[in-house]
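Visitor: everything below, folded, please.
(4 chains)
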2 protein chains.
Amino acid sequence: MSNNCLSLLGLNCSDCRISALCLPLSLHGDEIGQLDEIVQRGRPIHKDEYIYHAGSDFASIYAVRSGAVKTYAIDSEGHEQVTGFHLPGEIFGIDGIGRNRHSNSAIALETSAICEIPFNRLTDLSLTIPSLQRRFISLMGLEINEDQELLTLLSKKSAEERVATLLINFSIRNQARKLSATVFRLPMSRSDIGNYLGLTLETVSRVFSRFQKSGLLNVDKKEIEILDLAGLKTLTSSCAPDADLNTEKAG
Amino acid sequence: MSNNCLSLLGLNCSDCRISALCLPLSLHGDEIGQLDEIVQRGRPIHKDEYIYHAGSDFASIYAVRSGAVKTYAIDSEGHEQVTGFHLPGEIFGIDGIGRNRHSNSAIALETSAICEIPFNRLTDLSLTIPSLQRRFISLMGLEINEDQELLTLLSKKSAEERVATLLINFSIRNQARKLSATVFRLPMSRSDIGNYLGLTLETVSRVFSRFQKSGLLNVDKKEIEILDLAGLKTLTSSCAPDADLNTEKAG
DNA sequence: CGTCAGTTTGAGCGAGCTCAACGTGAGTGG
DNA sequence: CCACTCACGTTGAGCTCGCTCAAACTGACG
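Guide: Have a look, this model is predicted:
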């Protein structure tokens, strides 16, 4: 019974609703148990609380169990660049791996439950669980793919294409969580969206209005209802449809 | 004698001039030998030859031994986005890890010598050589850091800041190879530079002309001589004269 | 009811894009 | 040797999309 309670709260990986999106993917019973032992699950993080700060020593990577997290870097000029929005089942914190120091800060966009995974223990464990090593390296690879897609977006796409891409991205990620692909809440502000997409918040707001006017969306503050998913997808890639578009997580 | 010849040609990692920048960093004698056994060194790749194509199955990562390589992705609209320029000692090809399929194409910018490292053999080997696992994961982490810095560049910086950042970047990478920090040759075209920086080739050309006129550079086609390195660095991290350069904001 | 952060909408501006012409140097063939 | 081509680079002129500045609106919260 108490075991059942723990399950409902998702207090270990085996019972976590979103483990299929997370690190444990492709691990078996005992291996998940070993991973479970090194995962630390702390108190809930409230909105606007930091999980780590840019410049701090890198010790752990993190997984979102519930809620939403924003990561951002600040460059030498003081420009803030949002590097990603992280939803349940997604890993963040790997910005610290290369230099042993976080280049990003991570802040909760809403009350969130976060799993902390000490990095040294993870790499040690992955020496004895090859599929864990593969899964972790693969997750890093996906992060690289997503960052590179963002590069193309920032370098080549119009404001409307950028916003449409973000919406489709959230639609797909929501669907991967067995939630609605067309009705969801964007957990971040217009300003965060603009920063992430390389636009001003005014431009983001105008594009939302335009999309609503043209019948693609209903927008009510952060609540989004996509009325014409196909039309929106057309906007993200105005040429011929392409296979292999399925990405699941950003930044 | 013949052994000496192999060394001069850099035909194994232990003797490679640029191993300190590459995967073998922090490996010891026997470990380098084990890595050496899985590294494949083929014939020279000529200018405009492909090392791999976007969409092809992912099997290996690659290291530049000499020459220069450009990687680029093509998005669903057919936009080409240059994702990196790779110099001796640098790894490329990790764009294929996440999806087991290359998202980029890799093409030689000049005649190049390339080491191919079969990925499965590398991950197998890194299960028994923890420092190799750490090194490889760290290299992937650095790729993420660099891509994220590019995001900020594309999202926030002016044309002059972008070009200055590229020049300083090549200056630093040249210096890491014990070459001149101020006199070097850019291996790519103006069009490639523009694509990489999110600018048109005309804008890149104009910025080079402006930098030359203001005494920061000498430019002769692809040959660059930096006359005022400090001035150029200022341009990468400050656009206005009133910016406070002495305040560290990293938190 | 006032405040304040987030958002929407409008008006005008400007950095960089587009289009176009011209310059340059390497390769080729008479 | 010159004439021609072709890819690449430079320079100029005008245009446009998204930015800047500004004002008004909304809802949450004291």
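Visitor: show me the shaky parts of the stretch 1-150 of chain A.
Guide: A:1-10 (pLDDT under 70).
Visitor: cutoff 80 now
Guide: Flagging of the stretch 1-150 of chain A using pLDDT under 80 yields the residue ranges A:1-11.
Visitor: secondary structure class for the closest residue to A:Cys22 other than its chain neighbours?
Guide: Spatial nearest neighbour of A:Cys22, excluding adjacent residues (C-beta to C-beta, 6 or more residues apart in numbering or on different chains): A:Gly89 at 4.8 Å. (C-beta placed from N, C-alpha, C; glycine too.) For A:Gly89, the secondary-structure state derived from DSSP: H, G, I helix; E, B strand; the rest coil is coil.
Visitor: assign a three-state SS to the residue of the stretch 1-150 of chain A found nearest DNA strand C, would you?
Guide: Of all residues in the stretch 1-150 of chain A, the one sitting closest to DNA strand C is A:Asp48 (8.7 Å; C-beta to the nearest atom of the strand). Three-state call for A:Asp48 (three-state DSSP): coil.
Visitor: my guess is it meets A:Ala106, correct?
Guide: No. Using C-beta atoms under 8 Å, A:Asp48 is not in contact with A:Ala106, being 11.8 Å away.
Visitor: bridged to the residue sitting nearest the centre point of chain A, which residues?
Guide: Centroid-nearest residue in chain A, with C-alpha atoms, centre = their mean: A:His86, separated by 2.4 Å. Each beta-bridge partner of A:His86 is listed here, defined by DSSP bridges: A:Val69.
Visitor: same deal with the one 5 residues further on?
Guide: For A:Ile91, the residues forming beta bridges with it (DSSP bridges) are A:Ala63.
Visitor: if I pick the closest residue to chain B within the stretch 101-250 of chain A, what's in contact with it?
Guide: The stretch 101-250 of chain A approaches chain B most closely through A:Gly141 (3.0 Å), counting by C-beta to the nearest C-beta. For A:Gly141, the contact set (C-beta atoms under 8 Å, 6 or more residues apart in numbering or on different chains) comprises B:94-99, B:140.
Visitor: state the helix or strand in which it lies.
Guide: helix A:130-156 (DSSP states H and E).
Visitor: how far does that helix sit from the chain's center?
Guide: Remark: helix A:130-156 is offset 12 Å from the chain centroid, using C-alpha atoms, centre = their mean, to the nearest Å.
Visitor: got a list of contacts for the helix or strand just after it?
Guide: As assigned by DSSP H and E, the chain's next helix or strand after helix A:130-156 is helix A:159-176. Contact with helix A:159-176 is made by A:21, A:87, A:89, A:153-154, A:157, A:180-182, A:184, A:186, A:193, A:196-199, A:203-204, A:206-208, A:210-211, A:217, A:224, A:226, A:229, A:232-233, A:235-236, A:238, A:246-250, as judged by C-beta under 8 Å, 6+ apart.
Visitor: same question, stretch A:203-214
Guide: A:159-160, A:163-164, A:190, A:193-194, A:197, A:199, A:217-219, A:232.
Visitor: related to what we said a few turns ago, so which of the contacts of A:Gly141 also contact DNA strand C?
Guide: Among the contacts of A:Gly141, no residue sits close to DNA strand C (C-beta under 7 Å from any atom of the strand).
Visitor: can you tell me which of the residues you listed are in helices?
Guide: Counting by DSSP state H, the part of the contacts of A:Gly141 found in helices is B:Met140.
Visitor: all strands for the stretch 151-251 of chain A, in order.
Guide: Taking DSSP state E, counting those that start in this stretch, the strands of the stretch 151-251 of chain A run over residues A:183-185, A:217-220, A:223-226.
Visitor: which one of the ones you listed lies closest to DNA strand C?
Guide: Closest of the strands of the stretch 151-251 of chain A to DNA strand C is strand A:217-220, at 5.6 Å (criterion: C-beta to the nearest atom of the strand).
Visitor: what pairs with the closest one, parallel or antiparallel?
Guide: In its sheet, and by DSSP bridges, strand A:217-220 pairs with strand A:223-226 (antiparallel).
Visitor: need the CA coordinates for the strand it pairs with. CSV is fine.
Guide: Written as CSV, here are the backbone C-alpha positions of strand A:223-226 (Å, rounded to 0.1, in the frame of the first residue of the first chain):
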residue,chain,number,x,y,z
GLU,A,223,-3.4,28.6,-23.1
ILE,A,224,-3.1,27.4,-26.7
GLU,A,225,-5.6,25.6,-28.8
ILE,A,226,-4.3,24.6,-32.2
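Visitor: hmm, it in reach of DNA strand C?
Guide: No. On the criterion C-beta under 7 Å from any atom of the strand, strand A:223-226 is out of touch with DNA strand C, staying 10.3 Å away.
Visitor: buried residues, that strand. List them.
Guide: Under the neighbour-count criterion of 16 or more other C-beta atoms under 10 Å in any protein chain shown, strand A:223-226 has A:224, A:226 buried.
Visitor: cool, thanks, talk later.
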